[in-house]
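In: Here is the input, now give the coordinates:
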Amino acid sequence: MPVISNTSPLLNLAIIDHLFLLPQQFGQVYIPSAVATELKVNEDLPGSLALKAAINERWLIPQTVKNTAFVNLLQRDLHQGESEAIALAVELSASKILLDEKEARQIARALGLSITGILGIVLRGWHEGSIASIKVVTEWLQQDANFRIAPALLAQILRESGELEESP
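Out: The predicted structure is shown next:
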């Protein structure tokens, strides 16, 4: 069963040079057309070269969503990329969808989809030994990719990895 991704996990991992986690963890990853467009792989932007290489290596696979009516319905609450990613996940009976945005995650969960986000991917990479320090990777995400992490969630992840520095 395929894995579908929205823009955020792909782009942010590409920006911090950790896109390798996705084929390691999932093999192939499908993206809807809107996400492929949002990634701007033909522009000179941070992460663009890595994303273009992933498409050329054929582990990142653009796919057209067939159910445009469902996409239009989802767009009442979500952006185009999120809407197409969720619709594609439903169409392909995806084993997992990669989403970071709260509203998109809520709708995907209501549709019975299995969800993970960039922090789940990073945590799994740490458990598998592909990442030496979650603290370093989350700092890169925040500084280089401008990725926002709720302080309580960050503390929980750092506690799990043993990297939380407790205040005296």
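In: Excluding sequence neighbours, find me the nearest residue to residue 36.
Out: Once flanking residues are discounted, residue 36 sits nearest to residue 62: 4.3 Å by C-beta to C-beta, 6 or more residues apart in numbering. C-beta coordinates here come from the backbone N, C-alpha and C atoms, glycine included.
In: With residue 148 instead?
Out: The shortest distance from residue 148 to any non-neighbouring residue, by C-beta to C-beta, 6+ apart, is to residue 142 (7.4 Å).
In: Who are the packing partners of the host helix or strand of the one you found?
Out: Secondary structure assignment for residue 142, by DSSP states H and E: helix 134-144. Counting contacts by 3 or more C-beta pairs under 8 Å, 6 or more residues apart in numbering; DSSP states H and E, helix 134-144 packs against helix 118-127, helix 151-161.
In: how about those helices, which one is nearest residue 107?
Out: Judged by C-beta to C-beta, the one of the helices and strands packed on helix 134-144 that comes nearest to residue 107 is helix 118-127, at 17.7 Å.
In: Show me which positions of that closest one end up buried.
Out: 118, 119, 120, 121, 122, 123, 124, 125, 126 (16 or more other C-beta atoms under 10 Å).
In: ok, now stretch 148-163?
Out: 149, 154, 157, 158, 161.
In: separation between the closest residue in space to residue 95 that isn't next to it in sequence and residue 84?
Out: Once flanking residues are discounted, residue 95 sits nearest to residue 1: 3.7 Å by C-beta to C-beta, 6+ apart. The gap separating residue 1 from residue 84 is 18 Å, by C-beta to C-beta, to the nearest Å.
In: Then residue 52?
Out: As judged by C-beta to C-beta, residue 52 and residue 84 stand 20 Å apart.
In: Same check on residue 39?
Out: Counting by C-beta to C-beta, the gap from residue 39 to residue 84 is 13 Å.
In: mind listing what the residue nearest to residue 48 when sequence neighbours are not counted touches?
Out: Leaving aside its sequence neighbours, residue 48 sits nearest to residue 41 (C-beta to C-beta, 6+ apart; 5.3 Å). Residues near residue 41 by C-beta atoms under 8 Å, 6 or more residues apart in numbering: 48, 51, 52, 55.
In: let's see it at 10 Å
Out: 14, 47-56, 60, 62 (C-beta atoms under 10 Å, 6 or more residues apart in numbering).
In: now swap in residue 133 and tell me
Out: Residue 133 sits next to 126, 139, 158, 161, 163 when contact means C-beta under 10 Å, 6+ apart.
In: Ok, residue 35 next?
Out: Residue 35 neighbours (C-beta under 10 Å, 6+ apart): 4-8, 10-11, 60, 62-63, 80-82, 84-85, 88.
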